[in-house]
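> got a structure for you, letters missing:
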Ligand SMILES: [Zn+2]
């Protein structure tokens, strides 16, 4: 006798639990900070970039923040092909913007959220895992990292000195170690951003 699946009669056995399952399954919970296992950039200090732009959804101006690593930060190079070789940290002589940031240490999270209360983990079709993202302070909608960092004239991709001068940079004299899938090295017009 072939092992056939009968129709939907299984439910007659009543083994489905209708009793309280309301206490929040993880998949419905808020996106969370990633894992420190993914750390791939680090620095002895960093800068918080801050600007304001019209929200992509409601059009009202909202605060946007980003992380910048100064020269002498380090990036992790994974040893390719040979698992015996250890990963190595390479020093980079330029500044870099980080985006699609999956993991941030607690202290950096607190600093960023002090600059923008609506900076928090988000999920998006644009990224395979949750990442730290700006949200509109008026309507709450996600402000995609792609639009902010990868599109010319995006909030953190200035195309001239004037647009760069809309960005404020605040140096934080504390170490950072983060997991970032997006990394924009030697950004143009950095010298025109305003140091606070
Ligand atoms: Zn909005």
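Alright, I've got the coordinates. Values in this document were obtained by computation on a predicted structure and should not be read as measured data.
> nearest residue to residue 43 in space, ignoring adjacent ones along the chain?
Of all residues not flanking residue 43 in the chain, residue 73 sits nearest, at 3.7 Å (CB to CB, 6 or more residues apart in numbering). Placement of C-beta: from N, CA and C, glycine included.
> oh sorry, the question was meant for residue 194
Per CB to CB, 6+ apart, closest to residue 194 is residue 168, 4.9 Å.
> beta partners for that neighbour?
Taking DSSP bridges as the rule, residue 168 bridges to residue 50, residue 194.
> any idea which helix or strand comes after the lengthiest helix in the chain?
For the chain, the helix with the greatest residue count under DSSP state H is helix 106-115. Reading on from helix 106-115 to the C-terminus, the next helix or strand found by DSSP states H and E is strand 120-122.
> does any part of the helix or strand following that following strand sit near the ion?
As assigned by DSSP H and E, the chain's next helix or strand after strand 120-122 is strand 131-135. No. Remark: strand 131-135 sits outside contact range of the ion, by CB under 5 Å from the ion, the gap being at least 8.3 Å.
> now strand 131-135: mean pLDDT?
Mean pLDDT, strand 131-135: 98.
> I'd like the next helix or strand past it.
Counting by DSSP H and E, the element after strand 131-135 in chain order, helix or strand, is strand 142-143.
> go ahead and confirm residue 148 touches residue 66.
Yes. Residue 148 is within contact range of residue 66, at 7.2 Å (criterion: CB atoms under 8 Å).
> mind listing the shared neighbours of those two?
Common contact partners of residue 148 and residue 66 (CB atoms under 8 Å, 6 or more residues apart in numbering): 99, 155, 156.
> around the ion, pick out the residues from this structure.
So far as CB under 5 Å from the ion goes, the chain lies against the ion at 55, 57, 58, 136, 138, 139.
> next, give me the two most distant ones among those.
Within the residues of the chain next to the ion, 57 and 138 form the most distant pair, 9.0 Å apart (CB to CB).
> which parts of the protein are strands?
Applying DSSP state E to the chain gives strands spanning 41-43, 46-54, 61-69, 73-77, 88-92, 96-103, 120-122, 131-135, 142-143, 168-172, 176-185, 194-195.
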